[in-house]
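Colleague: Got a predicted model here, sequence first, then my questions.
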Amino acid sequence: MRTQVAIIGGGPSGLLLGQLLHRHGVETVVLERKTKDYVLGRIRAGVLEQGLVRLMEEAGCAERLHAEGFVHDGTHVAFGGEMFRVDFTALTGTPVIVYGQTEVTRDLYAAREEAGLPIVYEVEDVVIEGADTDAPAVTYTVGGERQRLDCDFVAGCDGFHGVSRKTIPADILREHEKIYPFGWLGILSETPPVDQELIYSNSDRGFALCSMRNATLSRYYVQVPLTDSPDNWSDNAFWDELRRRLPPGPAEALVTGPSIEKSIAPLRSFVSEPMRWGRLFLCGDAAHIVPPTGAKGLNTAASDVQYLAHALRDHYVDGDDAGIEGYSAKALARIWKAERFSWWFTSLMHQFPDQTEFDRQLQRAELDFLRTSEAAQKAMAENYVGLPY
Ligand code: FAS
Ligand code: PHB
């Protein structure tokens, strides 16, 4: 089999890239390790920057997003039993959209299937060959048969645990990592959200986040030790702990119910450079990871996808390789700003095991400054709604 761009990974990065390239007449094949249902069963991001919304519009996949997504003009920040609001739209002119990653991925799958574009599920033993030559290929096993996909370019959209990053020679690849000493225990419940907007809370017992997917589906998180397990948490124990970490108003208003999903996500900051090796390009979580505090994971994958889709379009349509040559540096410039914001917001909102009382006072002072300073809130808002592509 032959195609122009082989896309490894059928998550949001791979599917969005495939859809954008299709809109520009570039052929792709998506190779996905899991089944479609498995991919759609993963509960992940919830907040979309306008940049991702615009890309979904460019991909012709934004109809349901606009119909069902919630426009959020701001968010609440709680500490010391108080709560204040950061007004994104007043400070930046831009809101965010609350629409689950699962739904983004569902819309992209539907568009790919409607266009009859090839996607191979349950591939195994994927190997990228000749990425540093003019004739790369991807070999893989499906249904017990070894297959070969010859191509012009390979897009590594296969997430943190994929094969693409590992294909880049160790003497070329540089990795930067920060591991946080805690995780997020998240639950999904068929209950009305506690507030119209999100609530990020820094309490003496640890971080908590109140989010949502729609008017009857809520998403909540509490910070837990890395050694913790979802099995240690009954629903009632989760709800009681969440209440303890919220100001009195939301704690009182919280509507509880049975969890329909419960999982713990570790928190890490990670960047691998370069994001291109020959004809292999890394995109999204294959190249970088952020702690979910700033809602930047999916949104930074989106800017990678735009840069790469436009670079490959320019190559095929105009014979212009400036985008390809500049892809890694351009993507990394925006990625590191997202890493910084995610690190800043995580450091501000969480309890760290080795924190001294002095550190705790600094956190309180910074939160109080954020509460009272328009300049501080504008800086937070600019990062949260998404820095320019
Ligand atoms: P993904 O990991 O989503 O997709 C990669 C795809 O490649 C997967 O479908 C995988 O099956 C496939 N794959 C892997 N290896 C392969 C191989 N060898 N061959 C073929 N296919 C292969 N971001 C936020 O903004 N907010 C959040 O709240 C948030 N919560 C998260 C919670 C968890 C537990 C995780 C892991 C991430 C979370 N993220 C969050 C980040 C997340 O949303 C990612 O940024 C987003 O999924 C990135 O999309 P992709 O780059 O497509 O990677
Ligand atoms: C979510 O809804 O899952 C979510 C929202 C905002 C975040 C992280 C997760 O910062």
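Modeller: Received the coordinates, thanks. Residues are numbered from 1 along each chain as shown. Ligands and ions are numbered 1, 2, ... in the order given.
Colleague: give me the number of residues near the residue in the stretch 101-250 of the chain that ligand 1 sits nearest to?
Modeller: For the stretch 101-250 of the chain and ligand 1, the shortest gap (C-beta to the nearest ligand atom) falls at residue 159, measuring 2.7 Å. Bear in mind the C-beta positions are built from the backbone N, C-alpha and C, glycine included. Close neighbours of residue 159, defined as other C-beta atoms under 10 Å, add up to 21.
Colleague: which SS class is it?
Modeller: coil (DSSP: H, G, I helix; E, B strand; the rest coil).
Colleague: Get me the contact residues on this protein for ligand 1.
Modeller: 8-14, 31-34, 39, 44-46, 101, 123, 126, 157-159, 161-163, 265, 284-285, 292, 295-299, 301 (C-beta under 6 Å from any ligand atom).
Colleague: now stretch 56-71, how far from the centre of its chain.
Modeller: Taking C-alpha atoms, centre = their mean, to the nearest Å, one finds the center of stretch 56-71 at 17 Å from the center of the full chain.
Colleague: For it, list every residue counted as buried.
Modeller: Buried residues in stretch 56-71, counted by 16 or more other C-beta atoms under 10 Å: 56, 58-59, 61-62, 65, 69-70.
Colleague: Next up, phi/psi of the residue of the stretch 101-250 of the chain closest to ligand 1, please.
Modeller: Dihedral pair for residue 159: phi 70, psi -180, per degrees, to the nearest 10.
Colleague: residues from the protein in reach of ligand 2?
Modeller: Counting by C-beta under 6 Å from any ligand atom, the chain comes close to ligand 2 at 45-47, 198, 211, 219, 292-295.
Colleague: can we see that at 8 Å?
Modeller: Counting by C-beta under 8 Å from any ligand atom, the positions of the chain adjacent to ligand 2 are 43-47, 98, 100, 186, 198, 200, 209, 211-213, 219, 221, 292-295.
Colleague: Pick the one among the buried residues of stretch 56-71 closest to residue 177.
Modeller: Of all those, residue 56 has the smallest distance to residue 177: 30.4 Å, by C-beta to C-beta.
Colleague: could you check the distance from that closest one over to residue 157?
Modeller: From residue 56 over to residue 157 the distance is 16 Å, taken as C-beta to C-beta, to the nearest Å.
Colleague: Could you tell me the end-to-end distance of stretch 351-363?
Modeller: When the termini of stretch 351-363 are compared using C-alpha to C-alpha, to the nearest Å, they are 10 Å apart.
Colleague: So which bits of that stretch are buried?
Modeller: Across stretch 351-363, burial judged by 16+ other C-beta under 10 Å covers 351-352, 363.
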